[in-house]
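Participant: no sequence on this one, just coordinates:
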C-alpha cells in the first residue's frame, strides 16, 4: 500500500523524478517536484563548486520549505522527488565550516514546521551510471559534473540516512535496473516500496 506521504530521494541523475512521476500517476497521488531550475545561483555553482555555495544552499532551503509546508491538502497520497533533509546532505558536502554553522541555524528553524514523510526511499546508483544518465538527459548545467563530486554526494547521503533511527528509510541499489524502460524493473521497485513496513533504515541490493 502506498504511504500517505512518500519521498523518492537520490543523487543527481538517479531517476528519482521519473520514478516519482510513474508511481504518482499509477496511484493517482499528488506529486511534488523540486523546482531546481528556479535557483539563480545553481548554474554557476555546477560549473565551479567554489562559486557561492552558501547562496545555492540557502535558496534551495527556502524553496523546499515553501513547497513542503503543506504537501497534502486532500485525502489522496502524496509523492515527492525530494525532501528538505537533502539540504543537510548537500550543505555538508558543499559548505565550509562557518557557512555550515550559519546554514544549520536556518535549517533547524524551518525543519520543525513541515510535514515529515511516512517513507523515505533513497535510490542508490553508482557514479558511472549517474554520469550516463546525466549525459543522456542532456541538461547543460549538469554536463560538467564529475564522478568524484557525485560519489561525495552519495556518501554524504548514506552517512546521513544510516544515522537516522526509528524512521522509515528504504535504501535501494538500482544501479543495474532500468525502471523507466523495463516494466519488470519498475514492478520490482514499486512492489518493494509498497510492501515496506519496517520502521528502521534498510538497504536492499537487487
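Facilitator: Sure, I can see it. As the structure is a prediction and not an experimental result, all values here were calculated from the model. Numbering: from 1, shown residues only.
Participant: Do a quick rundown of the strands in this structure.
Facilitator: 5-10, 30-32, 78-80, 119-124, 169-173, 201-205 (DSSP state E).
Participant: So for residue 193, which of the ones you listed sits nearest?
Facilitator: Residue 193 sits nearest to strand 119-124 of all the strands of the chain, at 5.8 Å, using C-beta to C-beta. Where you see a C-beta, it was placed from the backbone N, CA and C, and this is true even at glycine.
Participant: So which residues make contact with the closest one?
Facilitator: Applying C-beta atoms under 8 Å, 6 or more residues apart in numbering, the contact partners of strand 119-124 are 3, 5-11, 14-16, 19, 83, 85, 154, 157-158, 161, 167-175, 193, 196, 203.
Participant: That one pairs with which strands?
Facilitator: Sheet pairing of strand 119-124 (DSSP bridges) gives strand 5-10 (parallel), strand 169-173 (parallel).
Participant: Those into CSV, with extra columns for mean pLDDT and mean neighbour count?
Facilitator: Converted to CSV, those look like this (pLDDT from 0 to 100; neighbours: other C-beta atoms under 10 Å):
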stretch, mean pLDDT, mean neighbour count
strand 5-10, 96, 26
strand 169-173, 95, 21
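Participant: Include distance to residue 136 when you put the ones you listed into CSV, please.
Facilitator: As requested, the strands paired with strand 119-124 are exported to CSV (distance: least, C-beta to C-beta, whole Å):
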stretch, distance to residue 136
strand 5-10, 16
strand 169-173, 20
